[in-house]
Each structure stands twice: as structure tokens, then as C-alpha cells.
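1. build me a model:
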Amino acid sequence: MTQMLQRIRPQNWRDGLLLILLTLFWGINWPVMKDAVRELPPLFFRSISMTGGVIALGVWLLCQKGGWRACLMPRQHVGDVVLLAIPNMVIWHLFAIYGVTLLASGRAAVLGYTMPLWAALAAVWLLRERLARRHWLGLCAGALGIVLLLASEWQRLAIAPVGTVFMLIAAAAWGLGTVLLRKMPIPVESTVLTWWMLVITTPCMWLASIVLEWPGWLWPTGREWVEILYNALVVFAFCHVVWFRLARTLPPVISSLSIMLIPVVGVVAGMLWLGERPHWQDYAALLMLLVALAMVLGRPATSPASHAS
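-> Numbers count the residues shown, from 1 in each chain. As a prediction, this is how the structure comes out:
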């Protein structure tokens, strides 16, 4: 037991605190997003929030030592950043925000954080990594969890499975993007990398919102502005930076702990904030997914380089 605790102990108290804050802030954001998009068009909400995140992170970088030079990206890595932004930011945020609109926030969170399962498959494809037997068992458990999530509403999903499909696309894109992040390391700070991916993604979100939602744009209410600020300052300017930092600096078991706990926080927050009442299938699926993630996120048996967390 002592050896296990030593294995999962963060490298320092700051990383441990960041891990706790990331888990809480990202988990709470699922009902926050669900509440915001009840009235606001989802891409419009996401675009405003992301713009705020770009501004906040840009100001932070300008205030650092080196000023505007701190924001620069090496020219030879610009193409890599664009490639990383497409799955990690563009596809994830585009499909996830619509998935939240169509599903209960807790259910969307559980589906979204199947990401490590898709990352395991992407690692087999891109990194030629061989998965241990427990990893394949984990993938089967994750698939069973997804089936359980759908079991209570087969008839409705047969007609309109869009929300579930959108969340699975978002999770698969994020899993692929996380593997690409490990495959193409970029020698810049996590804040700079996050800022550039936000800069690339924000115009895409605005363009999609203009094309798909222009007639439905509304001026946000006071409550919605609070939710926008939460996403801009907490989710984009803090959580994304922390995630990339932890994924780069902590052992995979540690950074994975947050991914395993976030959907739990999302389900509980949805119950407390929005009055959502999960079915028994939701609890069973959450348990299966936690088992699956525990298996998939274990240390690979054939390579010291673990797949994405």
C-alpha cells in the first residue's frame, strides 16, 4: 500500500493542488454549460467564452518577463500547433457544446471523459503501441458502459441519437489530440501552447456560430455573463493550461486521476445544480467507465512511454 501511495503521490504540493482544482472546476463546468445554453445558442456562448480566454491569457503572457516575446511560437512549429488545435480544441469544443445541449450534463460528462479509451486506440494506431490484456478488457468495459448509458432511451435514440454521437466524436477527437500532443512535443510553455491553440480555434467557433446560429443570437443575461466569465477565466485561461502542464510533467497515473474523477463531479454537480436525476443505468455506466479507465490508464507493459491520459 505504501508503494502504491508513493507511486500516485504528486511531485509537489502545487501539482496536487492544481490537480484538485482542475477536477472540481472542469466537473462543475458541465452543468454550468448546460444552464448557459438553455437560452444562448451553444456556439455563440462558446465563442464569447473562448474570446475572453484568449484575451485573459494574452494579457497574462504580456505581463510576464519578456512581454510580447513571451507569446511567440517558433516558426517551425506553427504547423504542429494547427494540427494539435484541430482535434484538441476545434472538434472537441464544437461537438461537446452541442452534445451538452442535447443531453443531461452528467451524461454528457461521462461520455466526454471516455477520452482515454479512444486515446488508447489512437496510441495503437499512431504509436504502434501494443496494449496489454487488461487494456483490451478496459476497452470492452468502456463499450459496455456506453451501451448502459443508452439502455434507458433506445427508442428516442433510434430517432435522434445526435447528442450521444456528438459527445463520442468529441471524446474520440480529444483522445487522438492527446496522443498527437505526446507524439509532437513543442518546446514552449504550456500557457503559450494553450494560447495559440485558442487563437486558432476562436475564429473557427465564431465562423460556425455565424453560419449556423446568426438569427438566434441573444444578448446574455446577468447570470449568463457569469457563466461566460467562468468559462473564459476558469475553464480556458486556467483549466486548459493546467491540463497541458500536468499531462507534460506528471506521471500518467497522476494526470489520469483527474480524468477519472471529473465525470463523477459532473454527475453530482448536475444533480445539485440542475436537479438532474440519473437513471440506474447512469450509475452502472459510470462505474464501468471508471473500471475501464483504471485499466486503460495503467502503465503499458511493452513501452515506458505511456499513452495519453
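
2. and the closest residue to Ile86 other than its chain neighbours, what element?
-> If you skip the residues right next to it in sequence, Ile86 has Gly177 as its closest partner in space, 7.6 Å away by CB to CB, 6 or more residues apart in numbering. (Each C-beta comes from the backbone N, C-alpha and C, glycine too.) Under the assignment given by DSSP states H and E, the secondary-structure element containing Gly177 is helix 162-183.

3. equivalent analysis for Glu224, please.
-> With secondary structure defined by DSSP H and E, Glu224 is part of helix 222-229.

4. may I have that helix exported as PDB, CA atoms only?
-> Coordinates of each C-alpha in helix 222-229 appear next as PDB, following Å, rounded to 0.1, in the frame of the first residue of the first chain:
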ATOM      1  CA  GLY A 222     -26.500  38.700 -15.900                       C
ATOM      2  CA  ARG A 223     -26.500  35.000 -15.000                       C
ATOM      3  CA  GLU A 224     -25.200  34.100 -18.400                       C
ATOM      4  CA  TRP A 225     -22.400  36.600 -18.200                       C
ATOM      5  CA  VAL A 226     -21.300  35.000 -15.000                       C
ATOM      6  CA  GLU A 227     -21.300  31.600 -16.800                       C
ATOM      7  CA  ILE A 228     -19.400  33.100 -19.700                       C
ATOM      8  CA  LEU A 229     -16.800  34.600 -17.400                       C
END
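
5. and the residue nearest to Ile86, how far from Ser105?
-> Using CB to CB, to the nearest Å, we find Gly177 at a distance of 23 Å from Ser105.

6. next: Ala171.
-> Look at Ala171 and Ser105: by CB to CB, they are 15 Å apart.

7. can you show me the helices along the stretch 201-309 of the chain?
-> Listed in chain order, the helices found in the stretch 201-309 of the chain under DSSP state H, counting those that start in this stretch are 222-229, 240-249, 252-274, 280-296.

8. can you name every helix or strand that the second one contacts?
-> In this structure, helix 240-249 makes packing contacts with helix 13-36, helix 162-183, helix 190-213, helix 252-274, judged by 3 or more CB pairs under 8 Å, 6 or more residues apart in numbering; DSSP states H and E.

9. now distance to Leu61 too, for these, in a markdown table please.
-> Formatted as a markdown table, the helices and strands packed on helix 240-249 follow (distance: least, CB to CB, whole Å):
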| stretch | distance to Leu61 |
| --- | --- |
| helix 13-36 | 19 |
| helix 162-183 | 20 |
| helix 190-213 | 6 |
| helix 252-274 | 23 |
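
10. out of the ones you listed, nearest to Cys63?
-> Using CB to CB as the criterion, the shortest distance between Cys63 and the helices and strands packed on helix 240-249 is 11.4 Å, found for helix 190-213.

11. list the helices and strands the closest one packs on?
-> Applying 3+ CB pairs under 8 Å, 6+ apart, one finds that helix 190-213 contacts helix 42-63, helix 78-85, helix 92-102, helix 240-249.

12. hey, which of those is tucked in deepest?
-> helix 92-102 (a mean of 24; mean count of other CB atoms under 10 Å).

13. how much space between Pro74 and Trp60?
-> Here the distance between Pro74 and Trp60 works out to 20 Å (CB to CB).

14. apologies, that question was intended for Asp15.
-> Applying CB to CB to Asp15 and Trp60 gives a distance of 20 Å.

15. check Ser105 too.
-> When Ser105 is compared with Trp60 (using CB to CB), they lie 29 Å apart.

16. next one: Val241
-> Computed as CB to CB, the Val241 to Trp60 distance reads 9 Å.

17. give me the common contacts of those two.
-> Thr191 (CB atoms under 8 Å, 6 or more residues apart in numbering).

18. I figured the residue nearest to Ile86 was touching Asn88, is that so?
-> Yes. Between Gly177 and Asn88 there is a contact under CB atoms under 8 Å: 3.5 Å.

19. lowest average pLDDT across the helices of the stretch 201-309 of the chain?
-> Comparing mean pLDDT across the helices of the stretch 201-309 of the chain, the lowest value falls on helix 252-274: a mean of 64.

20. against Leu24, how distant is the closest residue in space to Val37 that isn't next to it in sequence?
-> Distances taken as CB to CB, 6+ apart put Thr101 closest to Val37, at 4.9 Å, once the chain neighbours are dropped. Counting by CB to CB, the gap from Thr101 to Leu24 is 23 Å.

21. equivalent analysis for Pro161, please.
-> Counting by CB to CB, the gap from Pro161 to Leu24 is 31 Å.

22. alright, calling it a day.
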